[in-house]
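> output the structure for:
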Amino acid sequence: MSFDHREPGTDPAAWTPFLDTRSATPLDLDGIGSVVVLAPHPDDETLGAGGLIATAADAGLPTHVVLLTRGERSHPDSPTTTAPELATVRDDEFVRALATLHPWATASSVGIPDGGTREHRDEVTDALRRALDDAARPTLVVAPWRGDGHRDHRIAGEVAEAVTADATEVSLLTYPIWAWHWDDPSASAQPWDRARGLPLADAVRDRKRAALDAYASQVRPLSGAAGDEAIVDDRHAAHHLRSTEWFFAPVPTASRSRESFDAHYERKPEGWDFERSWYERRKREVTLAALPRERYRSALELGCATGVLTAALAERADAVLGTDISAAPLARAAVRAPGARFVQASLPAEWPTGRWDLFVMSEVGYYLSPADLDETIDRVLASLDDDGVLVACHWRHPDDEAVSSGDAVDARLAERWPRPALVRHVEPDFVLSVLPGPGVVSVARAEGLVR
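Just a heads-up that it's a prediction; the model follows:
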């Protein structure tokens, strides 16, 4: 994900009707012993969780903010201020803002370079663990949403998920910052099925607004010169000054198990009604129509289920291998697509040997943990021929047994894939992307219709 904060971005008003339809689980601080906030930059704690910090203060809850960087690179093109000077300014602003939200909150500053969380991941991990060692239990940790689009935010979110996963009496919620700016409410990439809403009393909103105003270097221009523009102007700030503060519960850390799929096929031998459902039939035709070549040398279908799509792929490829985590659907797949080969495998750990010029991942990615999805992407890239493609198609509605969502999978594929998608088709029910290898050319160019 890349974006430019200087662009207007999504109009805050465009989010209002969308958010009005959200029936999020309320965020309740009852029973919480303390709050720990992980903030990559000074002002992230206010923008993403200022209302929560102020509400914790009113509830008498100890709150600690772990500040990772000093935010010295917020104005890299400034002709009037150096990075060290700006770091000192933002240090002072952070102290004033936090005191406005929670007069007796504590904070620790890690001091890693702005933009350097990836290179200092171990220091981020250690700082969060130290904060949790001193925090009263049960502890609520809030950290940036890992899909926010900013590298520092992503690393902070990943570390928070890893540290809290094995911590006793610790829960995690994540907050978006820049996603409000780049995301589209009509096809949002944020995991709204896991949203938590914290209504903010008027007095709390006033304190959050005052805390944000303490960041003069961010909400107002440093000067009238180019490069000194406000980072969080009124349009940006409007995203964060609503009457509800939004957080996301993290996805489960483990991929869906083989046992759960075995149980599903025991109840429903034909899986998800692949042949009779018009949704399934239409989605299958859209997937096949998106393939940029008429024929392929070798295709690997990840999660082939009962082989309905596999049979169609066998008409477009010289050799087809279908894999599934469960044995039951593979027996049906072998009958349905006798020209294909099938292997029972739990991906990505049991990865087949070979190279392919066509990968198909349909309704599979959201059953994988974030780590397993990333490893699957790595393995596809390592075994994809230069002229090959990955076709990924995923359901966009909530699934109680899924680890993430179709939109989250599609966004992660786009973020990790080294080249832009050839095709990205989005509709209310599913999202489909065709991701190319380095040697893929357009259909017209392949046929010599254009030079």
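
> from the chain's centre, how far out does stretch 372-389 sit?
19 Å (Cα atoms, centre = their mean, to the nearest Å).

> and it, which residues are buried?
The neighbour-count check on stretch 372-389 (16 or more other Cβ atoms under 10 Å) flags 372-373, 375-377, 379-380, 383-385, 387-389 as buried. In this view, the C-beta of every residue, glycine as well, is placed from N, C-alpha and C.

> farthest-apart pair in those, please.
372 and 387 (27.1 Å; Cβ to Cβ).

> in this protein, where's the longest strand?
When the chain is parsed with DSSP state E, its longest strand is strand 384-395.

> how far off centre is the helix or strand that comes right after that strand?
Next helix or strand after strand 384-395 toward the C-terminus (DSSP states H and E): helix 406-416. In this view, helix 406-416 has its centroid 7 Å away from the chain centroid, taken as Cα atoms, centre = their mean.

> residues in contact with helix 406-416: which ones?
Helix 406-416 has contacts (Cβ atoms under 8 Å, 6 or more residues apart in numbering) with 1, 147, 187-191, 251, 365-366, 370, 373-374, 377, 390, 392, 394-396, 421, 424, 430-431, 433, 435.

> and if you look at stretch 69-88?
Here stretch 69-88 has contacts from 40-43, 89-91, 109-117, 152, 217-218, 222-223, 225-228, 231, using Cβ under 8 Å, 6+ apart.

> and the helix or strand containing residue 321, how far out from the chain's middle?
Residue 321 is part of strand 317-324, with elements assigned from DSSP H and E. Relative to the mean C-alpha coordinate of its chain, strand 317-324 is positioned 30 Å out (Cα atoms, centre = their mean).

> other SSEs contacting that strand?
Helices and strands touching strand 317-324, by 3 or more Cβ pairs under 8 Å, 6 or more residues apart in numbering; DSSP states H and E, are strand 296-302, helix 308-313, helix 327-336, strand 341-344.

> give the buried residues for it.
317, 320, 321, 322, 323, 324.

> mind giving me CSV with those and columns for pLDDT and distance to residue 11?
What follows is the buried residues of strand 317-324, written out as CSV (pLDDT from 0 to 100; distance: Cβ to Cβ, whole Å):
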residue, pLDDT, distance to residue 11
317, 97, 45
320, 98, 46
321, 97, 47
322, 97, 45
323, 96, 44
324, 94, 44
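
> please identify which of the residues you listed is nearest to residue 342.
residue 322 (4.8 Å).

> how about the nearest residue to the closest one once chain neighbours are set aside, what does it touch?
Counting by Cβ to Cβ, 6 or more residues apart in numbering, the nearest residue to residue 322 once its immediate chain neighbours are dropped is residue 304, at 3.2 Å. Contacts for residue 304 (Cβ under 8 Å, 6+ apart) come out as 310, 322, 323, 324, 329, 330, 333, 342.

> what's the helix or strand for the spatially most central residue of the chain?
In the chain, the centroid-proximal residue (Cα atoms, centre = their mean) is residue 147; its distance is 3.1 Å. Secondary structure assignment for residue 147, by DSSP H and E: no helix or strand.

> pull the residues that contact the helix-or-strand element of the chain with minimal mean pLDDT.
Least confident helix or strand, the chain: helix 258-267 with a mean of 74, by mean pLDDT, DSSP states H and E. Helix 258-267 is contacted by residues 271, 324, 325, 326, 327, 328, 329, 346, 401 when judged by Cβ under 8 Å, 6+ apart.

> one more time with 7 Å
271, 325, 326, 328, 329, 346, 401 (Cβ atoms under 7 Å, 6 or more residues apart in numbering).
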